[in-house]
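Student: Here is a sequence with its predicted model. Questions after.
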Amino acid sequence: MKYYIFLFIIFCVNTLFSQASKAYVSDVWVSDLGNGMYLNPIIHADYSDPDVVRVNDEYFMTSSSFNCTPGLPILHSKDMVNWTLVNYALPKQIPLDHYTVTQHGNGVWAPSIRYHNNEIYIYWGDPDFGIYMVKTKDPFGKWEAPVLVMEAKGAIDPCPLWDDDGRVYLVHGWAGSRAGVKSILTVRELNNEGNKVLNEGCHVYDGHGVDPTVEGSKFYKRNGFYYIFAPAGGVATGWQLCLRSKNVYGPYERKVVIEQGKTEINGPHQGAWVETPMCESWFYHFQDVEAYGRIVHLQPMCWVNDWPVIGEDIDGDGIGEPVMVHVKPNVGKTYPIVTPQETDDFTGNTIGLQWQYQANPNILWHAKLRDSDYLRLFSIKIPEAAKNLWMVPNLLLQKFPAKKFTATTKIKLIPEESTEGKRAGLIIMGKDYATLQITNKNDVFYIEQSLSNNAMKGGKEIIVESEKINSDQAYFRVEIEDKGINAICQFSYSENGVKFKIIGKPFKALPGKWIGAKLGVFCVSTRAAKRGGYADIDWFKISK
């Protein structure tokens, strides 16, 4: 009898493990075409300023996270095309107190990720505080506490290089908004541990005139040349430079290695050169597509006379142009299709990794009990200085996953002792934002579609349309349609989950500060309402 009980326990554990580890495949965007080819973008989501490192036969990506927390996302792939979100290197932004308040556009800018001495390092610039570093031996586990490598105002986009002689260098750019000067790249020396700058270094490239806004620097060495890969010309309109020199401090030669050309992929730049075990070279970069954010592309890359050519040199001028469809990298094996997570049924012990807050999280903002199959958001009072939801930290948001998709959720509002002033719902957040929310007024529940134009500058939130409903819960839906580069959002709701009714007007989503638009759920309270109250979110689904 004990033997059968033992077998039953093993079966249950294996089943649970299988469910927990089941690969997620998006309903709305898959890059892998299943025939040995892939379609760009490989990730149709706002993983801005991507950098990638190979560790043996695995690949790890990180990207800018700005004020969104947790920060420094860690994505993992075995074949360079299929990626899944596995961790964050920065559970909370530092300095901790500073980032308890929403800081749109601040925080983590353009990180670099490197592998050295059996450890993975990430360096990033916070334009208000300096250059930080965090590292780990296990990218799926806990990362060490961040270290301030260099205190500086406006130092951004850093990348280290461990040289053949054991010396360590750091290249970085400058944010004109803080430093007063931009479009220059600086190289400094680091200590052996890579956690402290040793000198003031020197400027190695001045992009004024030819390459305005040169930034996003990445450091490499190959065939005796030091290489600095760097974008220039602006986020949406720029090109990718490569600089090379036999001396780490220059002088550096300059060459444009990928540009938009006659393609529809604007601003192809700022990314990572990665070499496979089969000695193939590839380049990751982003494309800015307004509300959809800076989406991630993968380009083939070759070397000609010790210069990289990225994409395909269609017109023979030695400068590559981005490709849309290509043969997948040769990594020696074929791996299953996976994509970053989107839908969340809230049945696990924690919420999905796709979710981020607008500031350092507070443990009291939500509860996810181990035996529950819903997410509980507590009705937190809006900050006193907030004129709308733009500066509210406890919005639970994720990235747009495709150009066309539908988000649906079921929400129940429990106002407890308050007769009014509590609300919860679905939100599209950006410089303008719109919501579909349930609220209570004198113990009667209403569905409202609201809108805040110019939210970033304090635009008042107005109610576009309001309808009374028969209970304290409803199904919420927003459909996003691709209208060129515009993301047009239409809200609808249902009381039975079958028949949905359109409410309000179509809304044009706008990007946030340096990020794409985001969508998600929220539960807030007016400052005058009684304390207490919460909303239960049954699930959140992304579909066609």
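Tutor: Sure thing, it's come through.
Student: Lys368: what's it in contact with?
Tutor: The contact partners of Lys368, taken as C-beta atoms under 8 Å, 6 or more residues apart in numbering, are 346, 348-351, 375-376. Any C-beta I mention is one placed from the backbone N, CA and C, and that applies to glycine too.
Student: go with 7 Å
Tutor: By C-beta atoms under 7 Å, 6 or more residues apart in numbering, the contact set of Lys368 is 346, 349-351, 375.
Student: Out of these, which is nearest to Arg294?
Tutor: Of all the contacts of Lys368, Ile351 has the smallest distance to Arg294: 24.2 Å, by C-beta to C-beta.
Student: Please, which helix or strand holds the residue lying closest to Asp164 once chain neighbours are set aside?
Tutor: Distances taken as C-beta to C-beta, 6 or more residues apart in numbering put Lys221 closest to Asp164, at 7.3 Å, once the chain neighbours are dropped. If you go by DSSP states H and E, Lys221 is part of strand 218-222.
Student: Okay, buried residues for that strand please.
Tutor: Using 16 or more other C-beta atoms under 10 Å as the burial criterion, the residues of strand 218-222 that qualify are 218-220.
Student: Glu420 contacts Asn440, doesn't it?
Tutor: Yes. Assessed by C-beta atoms under 7 Å, Glu420 is found in contact with Asn440 at 5.7 Å.
Student: Show me which of those two is the more surrounded one.
Tutor: Asn440 (20 against 16; other C-beta atoms under 10 Å).
Student: where's the more buried one relative to Lys412, distance?
Tutor: Look at Asn440 and Lys412: by C-beta to C-beta, to the nearest Å, they are 12 Å apart.
Student: and what of Trp174?
Tutor: For Trp174, the distance to Lys412 - C-beta to C-beta - is 50 Å.
Student: From the neighbour counts alone, determine which of those two ranks first.
Tutor: The residue with more neighbours, out of Trp174 and Lys412, is Trp174; 25 against 18, by other C-beta under 10 Å.
Student: Do I have it right that that one meets Gly154?
Tutor: Yes. Between Trp174 and Gly154 there is a contact at 5.2 Å, judged by C-beta under 7 Å.
Student: Could you list the buried residues of stretch 482-493?
Tutor: 487-493.
Student: Show me these that map onto helices.
Tutor: Cross-referencing the buried residues of stretch 482-493 against helices under DSSP state H gives no overlap.
Student: Including distance to Gly34, could these go into CSV?
Tutor: What follows is these, written out as CSV (distance: C-beta to C-beta, whole Å):
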residue, distance to Gly34
Ala487, 27
Ile488, 30
Cys489, 31
Gln490, 32
Phe491, 34
Ser492, 33
Tyr493, 36
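Student: Which single one of those residues is nearest to Val248?
Tutor: Val248 has its nearest neighbour among these in Ala487, at 44.0 Å by C-beta to C-beta.
Student: Could you give the bridge partners of that closest one?
Tutor: Ala487 forms beta bridges with Asp482, Ala509, as assigned by DSSP bridges.
Student: does it really touch Glu479, like I thought?
Tutor: No. Between Ala487 and Glu479 there is no contact under C-beta under 7 Å: 10.6 Å.
Student: now this structure, which segments are flagged as low pLDDT?
Tutor: 1-22 (pLDDT under 70).
Student: switch to 50 and redo it
Tutor: Scanning the chain for pLDDT under 50 picks out 1-21.
Student: List the beta-bridge partners for the residue nearest to Asp164.
Tutor: Under the criterion used (DSSP bridges), Lys221 bridges to Tyr226.
Student: Let the chain start at 443 from now.
Tutor: Let's use 443 as the start, then, which means that last one is Lys663.
Student: How much space separates it from Val966?
Tutor: Lys663 is 51 Å from Val966, by C-beta to C-beta.
Student: Quick check: the gap between the residue nearest the centre of the chain and Phe728.
Tutor: For the chain, the residue nearest the mean C-alpha position is Tyr489 (3.8 Å; C-alpha atoms, centre = their mean). Separation of Tyr489 from Phe728 (C-beta to C-beta): 7 Å.
Student: Report the set of residues contacting both of these two.
Tutor: Contacts common to Tyr489 and Phe728, judged by C-beta under 7 Å, 6+ apart, are Val738.
Student: Quick check: Lys943 touching Gln932?
Tutor: No. Using C-beta under 7 Å, Lys943 is not in contact with Gln932; the gap is 11.5 Å.
Student: one step back: and the buried residues of strand 660-664, which is closest to Phe508?
Tutor: Within those, proximity to Phe508 (C-beta to C-beta) peaks at Lys660, which comes in at 19.2 Å.
Student: And for that closest one, nearest residue in space, chain neighbours not counted?
Tutor: In this structure, Lys660 finds its nearest non-sequential neighbour in Phe671, 4.4 Å apart by C-beta to C-beta, 6+ apart.
Student: try Val623
Tutor: Trp616 (5.8 Å).
Student: what's the one you found in contact with, if anything?
Tutor: With C-beta under 7 Å, 6+ apart, Trp616 has these contacts: 596-598, 623-624, 626.
Student: give me that answer again for 10 Å
Tutor: Residues near Trp616 by C-beta atoms under 10 Å, 6 or more residues apart in numbering: 567, 569, 594-599, 622-628, 645, 656-657.
Student: Drop anything exposed from the residues you listed.
Tutor: By neighbour count, with 16+ other C-beta under 10 Å, those hold 567, 569, 594, 596-599, 624-628, 656-657 as buried.
Student: Reformat these as JSON lines; add secondary structure and distance to Pro710.
Tutor: As requested, the buried ones among the contacts of Trp616 are exported to JSON lines (DSSP: H, G, I helix; E, B strand; the rest coil; distance: C-beta to C-beta, whole Å):
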{"residue": "Gly567", "secondary structure": "strand", "distance to Pro710": "22"}
{"residue": "Pro569", "secondary structure": "coil", "distance to Pro710": "24"}
{"residue": "Ala594", "secondary structure": "coil", "distance to Pro710": "29"}
{"residue": "Gly596", "secondary structure": "coil", "distance to Pro710": "26"}
{"residue": "Ala597", "secondary structure": "strand", "distance to Pro710": "26"}
{"residue": "Ile598", "secondary structure": "strand", "distance to Pro710": "21"}
{"residue": "Asp599", "secondary structure": "strand", "distance to Pro710": "17"}
{"residue": "Lys624", "secondary structure": "coil", "distance to Pro710": "21"}
{"residue": "Ser625", "secondary structure": "coil", "distance to Pro710": "19"}
{"residue": "Ile626", "secondary structure": "strand", "distance to Pro710": "23"}
{"residue": "Leu627", "secondary structure": "strand", "distance to Pro710": "20"}
{"residue": "Thr628", "secondary structure": "strand", "distance to Pro710": "25"}
{"residue": "Val656", "secondary structure": "coil", "distance to Pro710": "15"}
{"residue": "Glu657", "secondary structure": "coil", "distance to Pro710": "15"}
